[in-house]
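*Asks:* Okay, predicted coordinates and the sequence, questions at the end:
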Amino acid sequence: MCIAFPGRVVAIDAAGALVQTEGRLRRASTLLVEDLAIGDWVTVAAGTILVRLEPGEAAQIRDI
């Protein structure tokens with residue numbers, strides 16, 4: 001089973017992005033979402049960023 005989680009992009013390089021969630025840093029592919037920026041909130045599943053989130057959306061997901 002794959003679980004998606006919200007996180008904030010803290011770094012971007014040629015290999016992908018570094019996403020911080022619940023105090024952990026995880027590498028994630030950026031192939032599916034264009035024009036990511038440091039500070040963007042995103043949903044990550046299976047090591048891939050799936051969608052960019054609004055900050056309010058990310059907060060709601062974290063609260064659940």
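*Replies:* Now that the structure is in, tell me what you want to look at. Numbering: from 1, shown residues only.
*Asks:* Other residues contacting stretch 41-58?
*Replies:* Residues outside stretch 41-58 that contact it (CB atoms under 8 Å, 6 or more residues apart in numbering) are 2-9, 17, 19, 21, 26-33, 36, 40, 61. In short, each C-beta sits where N, CA and C put it, glycine included.
*Asks:* Now intersect these with the strands, please.
*Replies:* Using DSSP state E, the subset of the contacts of stretch 41-58 located in strands is F5, P6, G7, R8, V9, A17, V19, T21, R26, R27, A28.
*Asks:* By neighbour count, which of the residues you listed wins?
*Replies:* Highest neighbour count within the ones in strands among the contacts of stretch 41-58: V19, with 27 neighbours (other CB atoms under 10 Å).
*Asks:* And the residue sitting nearest the centre point of the chain, what's its pLDDT?
*Replies:* The chain has V42 as the residue nearest its centroid, 3.5 Å off, counting by CA atoms, centre = their mean. Looking at V42, its pLDDT reads 96.
*Asks:* Could you confirm it falls within a strand?
*Replies:* Yes. Assessed by DSSP: H, G, I helix; E, B strand; the rest coil, V42 belongs to a strand.
*Asks:* Across the sheet, point out what pairs with it.
*Replies:* G7, R52 (DSSP bridges).
*Asks:* Flag the shaky bits of the chain, pLDDT-wise.
*Replies:* By pLDDT under 70, the weakly predicted segments of the chain are 1-2.
*Asks:* make it 80
*Replies:* 1-2, 61-64 (pLDDT under 80).
*Asks:* Would you mind listing the buried residues in stretch 49-58?
*Replies:* If you call a residue buried by 16 or more other CB atoms under 10 Å, then stretch 49-58 has these buried ones: I49, R52, L53, A58.
*Asks:* one step back: pick out the most distant pair among the ones in strands among the contacts of stretch 41-58.
*Replies:* Maximum pairwise distance among these (CB to CB): 16.1 Å, between P6 and R27.
*Asks:* just the buried residues of stretch 49-58 now: which is nearest D13?
*Replies:* I49 (13.6 Å).
*Asks:* now the helix or strand where that closest one lies and strand 16-21, what's the angle there?
*Replies:* Element membership of I49, judged by DSSP states H and E, is strand 48-53. Orientation check (axes from the mean of the first three to the mean of the last three CA atoms, to 10 degrees): strand 48-53 against strand 16-21 gives 60 degrees.
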